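S.K.: Structure for this input, please:
(4 chains)
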Protein chains: 2
Amino acid sequence: MQGERRKFRREGEERRRDALVSAALDLISEGGPTAATVRAIADRAGVTPGLIRHYFQTKEELTREAYRALMQRMSAENAAVLGAAPADPAARLAAFVAAALRPPVVDPRSMGLWAGFLHQVRSDPAMAEIHAETYLGYRDLLQGLIAALPGPADPARQRALAIACNGVIDGLWLEGCALPQAFAPGELEHIGLEAVGAILGFDLAASLPPAPTEETP
Amino acid sequence: MQGERRKFRREGEERRRDALVSAALDLISEGGPTAATVRAIADRAGVTPGLIRHYFQTKEELTREAYRALMQRMSAENAAVLGAAPADPAARLAAFVAAALRPPVVDPRSMGLWAGFLHQVRSDPAMAEIHAETYLGYRDLLQGLIAALPGPADPARQRALAIACNGVIDGLWLEGCALPQAFAPGELEHIGLEAVGAILGFDLAASLPPAPTEETP
DNA sequence: GCCTCAATTATACACTTGCATAATTACAGG
DNA sequence: CCTGTAATTATGCAAGTGTATAATTGAGGC
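M.R.: Residues are numbered from 1 along each chain as shown, chains lettered A, B, ... in the order given. Sure, this is the predicted structure:
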């Protein structure tokens, strides 16, 4: 008796791919790249390792897809706040900065992923391209918000300011993810608004829209 | 003929341990934790894999030693600037902040190491302890510099300010390591001084000691 | 109900990893 | 020069890695 063959259900390609990508992200965030073996990923996704090769030509391809999904999700989560933001440029920028510095964008799991992917992004050109696309998209969005502020329109200077503000935001994001309990609720946003405000010469903290737009459906 | 046995020189224990630790750090910074296999480490250190087991009970022990060496080196590099700093509290703090945001403290290799160690620091209690010691030591140093500033002495508030400033510094440090070419020389220090100054209500940028104390032996 | 075909599983393989142990060799002290 | 001993190398091994390929099985069309 060599045991019964495992029962299974057929699923659509998209669902399976999503499940595998999601499982890979979970494992990397928990235990780093080392933990994301094909067997562990398949196990977490509820399938057997062979199926990975059926949907992805190689494990590297799955990893790239997971990274792309992560970056897109985070950008979308941050940009979503602009939909409900007021028209005033300073308020929009303040809302954007604040959203980047609180959950769900700030999340210890995301930083684990960030660290886990770092070396692959550095060494694998395909990963580097995915990173560049997302990063530049984010920075352009930020530069647009800065350009909308009242004042002289100097594109070169706006670009430099966007880079600087992006640095502060990214840095504080990492810090918030790394030390979630070091900051009181709202404190990280406040630090970020002060710091970005100092760079731009604007009192952003005062411009933050009143209610952090809690979802109330 | 089974080839000649490799020639070798006997070395002191300390030199060999240092060489192995250094090799491990190099490899982790270049290729992440995955790249630091016992064989690769031994190769880089100019020895054979068996010697690692002779000086370290396990590879994990070598890894921990490497992490400790890294953290101590970085803290020392940053604190070194205080030796040549003036007595004025604001100038001392400014010098300290600026030193944290320029080479050799800011260094792409260090961030690769930071990312590589992240998951081990999270999961291995021994690693977490090493981290806590170094981190708290750094923050206490920063808090001491803040407490020396003129103004009311409120320890609880000073602690909160130290945490916030530490967050900005750490974050900008990471950003400077990640995107070295995004910032003009001196720009990152300037951003950091503005941001920390905004948190503390001090014009730190104006307090920075004139010459960045270039070594001229 | 059967039959087809793709989705899924099972098995095998070559390779790498960390670790243990035995065999050597450099170097100090007589 | 010899000899002991500890530093160093060489070899082997069990476990885990990604991947290739063959064997099964679920589910829709007739």
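
S.K.: can you tell me which residues contact A:Leu204?
M.R.: A:Ala90, A:Leu93, A:Ala94, A:Val97, A:Leu193, A:Glu194, A:Val196, A:Gly197 (CB atoms under 8 Å, 6 or more residues apart in numbering or on different chains). In this view, the C-beta of every residue, glycine as well, is placed from N, C-alpha and C.

S.K.: try 6 Å this time
M.R.: Applying CB atoms under 6 Å, 6 or more residues apart in numbering or on different chains to A:Leu204 gives the contacts A:Ala94, A:Leu193, A:Val196, A:Gly197.

S.K.: most neighbours, which of the residues you listed?
M.R.: Using other CB atoms under 10 Å in any protein chain shown as the neighbour criterion, A:Val196 leads the contacts of A:Leu204 with 30 neighbours.

S.K.: And the pLDDT for that one?
M.R.: Predicted confidence (pLDDT) at A:Val196: the value is 93.

S.K.: With adjacent residues omitted, what lies nearest to it?
M.R.: Once flanking residues are discounted, A:Val196 sits nearest to A:Cys165: 4.9 Å by CB to CB, 6 or more residues apart in numbering or on different chains.

S.K.: What strand or helix carries the one you found?
M.R.: helix A:155-178 (DSSP states H and E).

S.K.: so what secondary structure elements neighbour the helix or strand just after that helix?
M.R.: Scanning forward in sequence from helix A:155-178 by DSSP H and E, the next helix or strand is helix A:187-200. Secondary-structure packing of helix A:187-200 (3 or more CB pairs under 6 Å, 6 or more residues apart in numbering or on different chains; DSSP states H and E): helix A:89-100, helix A:155-178, helix A:204-207, helix B:187-200.

S.K.: out of these, nearest to DNA strand D?
M.R.: Of all the helices and strands packed on helix A:187-200, helix A:155-178 sits nearest to DNA strand D, with 25.4 Å by CB to the nearest atom of the strand.

S.K.: quick one on the thing from earlier: count the neighbours of the residue nearest to A:Val196 for me.
M.R.: If you count neighbours by other CB under 10 Å, A:Cys165 ends up with 26.

S.K.: out of the helices and strands packed on helix A:187-200, nearest to B:Val47?
M.R.: When these are compared by CB to CB, helix A:155-178 sits nearest B:Val47, at 35.3 Å.

S.K.: ok and that closest one relative to helix B:187-200, angle-wise?
M.R.: If you take axes from the mean of the first three to the mean of the last three CA atoms, to 10 degrees, helix A:155-178 sits at 60 degrees to helix B:187-200.

S.K.: which parts of stretch A:97-112 are buried?
M.R.: Residues A:Val97, A:Ala98, A:Ala99, A:Ala100, A:Leu101, A:Arg102, A:Val105, A:Val106, A:Asp107, A:Ser110, A:Met111, A:Gly112 are the ones in stretch A:97-112 that count as buried (16 or more other CB atoms under 10 Å in any protein chain shown).

S.K.: quick check, nearest of those residues to chain B?
M.R.: Distance to chain B across the buried residues of stretch A:97-112 (CB to the nearest CB) is lowest for A:Gly112, with 6.5 Å.

S.K.: The helix or strand that contains that closest one near DNA strand D anywhere?
M.R.: Using DSSP H and E, A:Gly112 maps to helix A:108-123. No - using CB under 7 Å from any atom of the strand, helix A:108-123 never reaches DNA strand D; the gap is at least 12.5 Å.

S.K.: Next, see if that helix gets close to chain B.
M.R.: Yes - contact of helix A:108-123 with chain B (CB under 6 Å from any CB of the partner chain) involves A:Ala115, A:Leu118, A:His119.

S.K.: can you pull the pLDDT of the residue nearest to the spatial centre of chain A?
M.R.: Most central in chain A under CA atoms, centre = their mean is A:Met74, positioned 2.8 Å from the mean C-alpha point. Note on A:Met74: pLDDT of 92.

S.K.: so how far does stretch A:28-48 reach from one end to the other?
M.R.: Terminal residues of stretch A:28-48 lie 18 Å apart, using CA to CA, to the nearest Å.

S.K.: how about the residues of chain A near DNA strand C?
M.R.: A:2, A:5-6, A:8-11, A:13, A:16, A:42, A:47-51, A:54.

S.K.: Pull out the buried residues from these.
M.R.: The neighbour-count test (16+ other CB under 10 Å) marks A:Arg16, A:Ala42, A:Val47, A:Leu51 as buried among the residues of chain A next to DNA strand C.

S.K.: Which ones among those map onto strands?
M.R.: Residues of those located in strands (DSSP state E): none.

S.K.: Of those residues, which belong to helices?
M.R.: Here DSSP state H is the test, and those give A:Arg16, A:Ala42, A:Leu51 as lying in helices.
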